[in-house]
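K.L.:
Here's my sequence, what's the structure:
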Amino acid sequence: MTSTWRARWATSFLLLAGGISMAGQDPSATAPQQAAQPAPQQAAQPAMQQAAQPAPATRAVQQERIDAASVQAAGGLDTFLPRLADTILGALASRFEPSRAMDLVTFMDRYWRVSGNSGYNASLERVRSELAAAGFTGGKGASGSSLRLWYEEYPNGGNGWEPVRFAMTILEGETGPAEPVFDPVIDYIALCINSFPTPPGGLTTRLVYVGDGNKPEDYASVDVKGAVVLTDSSVRRVWQEAVRARGAAGIISAERPSDYTKPDETPEVFQWGAVPYDEKAQAFGFKASPKVAGRLKERLKKGPVHVKVEIETKFHPSPGRMLVAEIPGATRPGERIVMVAHVQEPGSNDNASGCATQLELARAIAGAIASKALPRPGRTLTFIWGDEMRASREWLRAEPGRAASVRAMISLDMTGEDAAKTGGSFIIEKEPDPSAVWPRPSDPHTEWWGGGAYRRPLKGSYLNDLLLAVCLRRARETGWVVQTNPYEGGSDHSIFLNAGVPAVLVSHFTDRYYHTNLDRPDKVSPTEMAHVGISVGTAALLIASAGDEEARAIADLVADAARRRLELEARQSAELIAGATDRAAAEAGERVLHDAWRAWYGNALESVLSLPQAPVRPALRARVRAAIDAIGAAR
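P.N.:
Residues are numbered from 1 along each chain as shown. This is a model prediction of the structure:
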């Protein structure tokens, strides 16, 4: 999961009339070009009411461990699932092998995976070989029922930065004996992406502390030319002042990790980073944990410190690459359900676990079909492994009509957390609904959320409630803990939403080891990967194979979810209005919110009509129409 999305959601909250009005910018208008992110599909109903309209009397809630009242209110929703759901769940549960998924996590953990480098490519090739052994032997465009597998490439895939080895040593001197700065096991990803190598034999130079180091005045009394700069700020903020403007050889960032990483409890933790790709400076950057930074500062207090830096890195400029596997549909092969897991990043949970969960899911489905436990899906199942967001964007661009062919998309990102170790709850990040526009106590955000309101038009679909119901069925059988959070963005689902495709994210948060050096295989639960994979596969196959019976059941499921939501919002509204200073304004704002939910669920019910593979029967249309009318009458 990428963290660059977060800043784009920064917005101001103004407490007015006992509620909150949101004054912010459209995220797409403020994003840097290279970080351009999605805007979900256009819809007839506006996502946000105009500023002149009243705002609901609501408040934002963030939780370390998600405990959503909206999920509690959904208890029993799984009883509406069609009979086919149990058949699929059973077939996948008996074939998904958690230990095999864990094998891939352990393999991928060896590498700092950056698009184009050898670790990234080795990970893709390992997935390819496993899929080939499972029967995915047809190439792209293979006819008939052959399971398909191929690579797709696209231009400008990146520099393919690859760390080979690095070391930094404090040289013996008046401040003490020689000692290594970084532990090769604990600090294995301390070197920043895009760092250039040092000259043969290494670089011996001064270590200079500059405090924040992001302003010219921080350098008024120090000379950093040719030195290694120690800063309390991020490497990117200091790069301009220290490296480009003053010729520093490199930077060590002692930036404090995010609070949810609990650095006071684990002072060896740091969050990995990157420096700008800079062929002119050919400098380097490191991230230092509080423990390492504290040791460096203590040495500097005693006098001048010199260090020897040895870095060997490579760059592999190359086209971007993704791996695509397909189980072709039997009746509507031109329609797809897409699942995506990103390969890059060094973590075991983020995202070796997502890659492994998706691989084992593809194998389990293929095995169930081969053994006749399940029929071929009516629609095509497409699995993609690649560079986060970039691969999704390029896959959609590669052929006209691809976006229109996708009926639903699920992003598998951080699917394996051992919750007892990481603190990360399993969450379904919903496709945007009114809880992404107006924060509600019943729908807490994760600690990753940067604040702010979703500013794009909304259009409901059955996907949120269907996937939640499937996960609740798995939870009923196993005791698995299932939660949801409002849309926050930051992974491949965002790209598909931008293309008009209903899309959700399955993940875990708040994970205290997110983007840190401590995200290793010991924090991954094979059982958790099985829960996620089996549930995602069941939902995908239900959508892919739905007939009239399944569509009727899902229509009833969505109608009941709508009823529960409106009842929940009525209870919340009463509590929030009672505490508002301007009750009339709060009541008017709450009416706006309730109307938004009715419109969203009207869309969601209409989307059920797209499920049957055969022409929609009049009885199903009547059922959907009656449910929409019931929502409108519930005022």
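K.L.:
my guess is Thr266 meets Lys421, correct?
P.N.:
No: distance between Thr266 and Lys421: 11.7 Å, which falls outside the contact criterion (CB atoms under 8 Å). From N, CA and C alone the C-beta is placed, and that goes for glycine too.
K.L.:
pull the longest helix from the chain.
P.N.:
Under DSSP state H, the helix in the chain containing the largest number of residues is helix 548-578.
K.L.:
is it fair to say Arg591 lies in a strand?
P.N.:
No: going by DSSP: H, G, I helix; E, B strand; the rest coil, the assignment for Arg591 is helix, not a strand.
K.L.:
Let's verify the nearest residue to it once chain neighbours are set aside: helix, strand, or coil?
P.N.:
In this structure, Arg591 finds its nearest non-sequential neighbour in Pro54, 7.9 Å apart by CB to CB, 6 or more residues apart in numbering. Three-state assignment for Pro54 (three-state DSSP): coil.
K.L.:
Give me the neighbour count for Pro54.
P.N.:
Applying other CB atoms under 10 Å, we find 21 residues neighbouring Pro54.
K.L.:
Pretty sure it sits against Ala585.
P.N.:
Yes: checked against CB under 8 Å, the pair Pro54 and Ala585 is within contact range at 5.5 Å.
K.L.:
Which residue of the chain lies farthest from its centroid?
P.N.:
Here the chain has its C-alpha centre computed as a mean, and the residue farthest from that point, by CA atoms, centre = their mean, is Glu174 with 48.3 Å.
K.L.:
Can you tell me how far the residue lying closest to it once chain neighbours are set aside is from Phe182?
P.N.:
Leaving out its chain neighbours, the residue that sits closest to Glu174 by CB to CB, 6+ apart is Gly303, at 5.0 Å. Counting by CB to CB, to the nearest Å, the separation of Gly303 from Phe182 is 22 Å.
K.L.:
Ok, Asn517 next?
P.N.:
In this structure, Asn517 and Phe182 are 10 Å apart, going by CB to CB.
K.L.:
out of those two, which sits in the more crowded spot?
P.N.:
Counting neighbours by other CB under 10 Å for Asn517 and for Phe182 shows that Asn517 has the greater number, 23 against 20.
K.L.:
which intervals of the chain have sub-threshold pLDDT?
P.N.:
In the predicted model of the chain, residues 2-53, 58-66 satisfy pLDDT under 70.
K.L.:
One more pass at 50, please.
P.N.:
Applying pLDDT under 50 to the chain flags the ranges 4-52.
K.L.:
Please report the distance of the residue farthest from the centre of the chain from Val309.
P.N.:
From Glu174 over to Val309 (counting by CB to CB), the distance is 20 Å.
K.L.:
now do Thr415
P.N.:
Distance of Thr415 to Val309, given as CB to CB: 37 Å.
K.L.:
Looking at these two, which is more packed in?
P.N.:
Neighbours of Thr415 and Val309, each counted by other CB under 10 Å, are more numerous for Thr415; the result is 33 against 22.
K.L.:
close enough to count as contact, that one and Phe509?
P.N.:
No: no contact is recorded between Thr415 and Phe509 when judged using CB under 8 Å, the distance being 11.7 Å.
K.L.:
what's the helix or strand encompassing Pro163 in contact with?
P.N.:
Under the assignment given by DSSP states H and E, the secondary-structure element containing Pro163 is strand 162-170. Residues outside strand 162-170 that contact it (CB atoms under 8 Å, 6 or more residues apart in numbering) are 112, 114, 117-119, 176, 178-182, 184, 190-191, 195, 207, 228, 286, 296, 299, 305-316.
K.L.:
wait, doesn't Ala564 sit right on Gln72?
P.N.:
For the record, residue 564 is Arg, not Ala. No: judged on CB under 8 Å, Arg564 makes no contact with Gln72 at a distance of 10.1 Å.
K.L.:
Look at these two and report which has more neighbours.
P.N.:
Remark: of Arg564 and Gln72, Arg564 carries more neighbours, 17 against 11, as counted by other CB under 10 Å.
K.L.:
got the residue ranges for the helices in the stretch 1-150 of the chain?
P.N.:
27-30, 69-73, 83-93, 98-108, 118-133 (DSSP state H, counting those that start in this stretch).
K.L.:
closest one to Leu472 among the ones you listed?
P.N.:
Taking CB to CB as the measure, those were each checked against Leu472, and helix 69-73 came out nearest at 8.2 Å.
K.L.:
can you list contacts of that closest one?
P.N.:
By CB under 8 Å, 6+ apart, the residues outside helix 69-73 that reach it are 435, 440-443, 468, 482-484, 564-565, 567-568.
K.L.:
okay, and the common contacts of Asn517 and Phe182?
P.N.:
Common contact partners of Asn517 and Phe182 (CB under 8 Å, 6+ apart): Ala190.
K.L.:
quick one: strands adjacent to the strand or helix carrying His306?
P.N.:
Element membership for His306 (DSSP H and E) is strand 305-314. Based on DSSP bridges, the pairing partners of strand 305-314 within the sheet are strand 162-170 (antiparallel), strand 203-209 (antiparallel).
K.L.:
Flag every buried residue along the longest one.
P.N.:
So the one you mean is strand 162-170. Within strand 162-170, the residues scored as buried using 16 or more other CB atoms under 10 Å are 162-163, 166-170.
K.L.:
show me the contacts for the closest residue to Ile189 other than its chain neighbours.
P.N.:
In space, not counting the residues next to it along the chain, Ile189 is nearest to Trp272; the distance is 4.7 Å by CB to CB, 6+ apart. By CB under 8 Å, 6+ apart, Trp272 lies in contact with 189-190, 192-193, 287, 346, 515-517.
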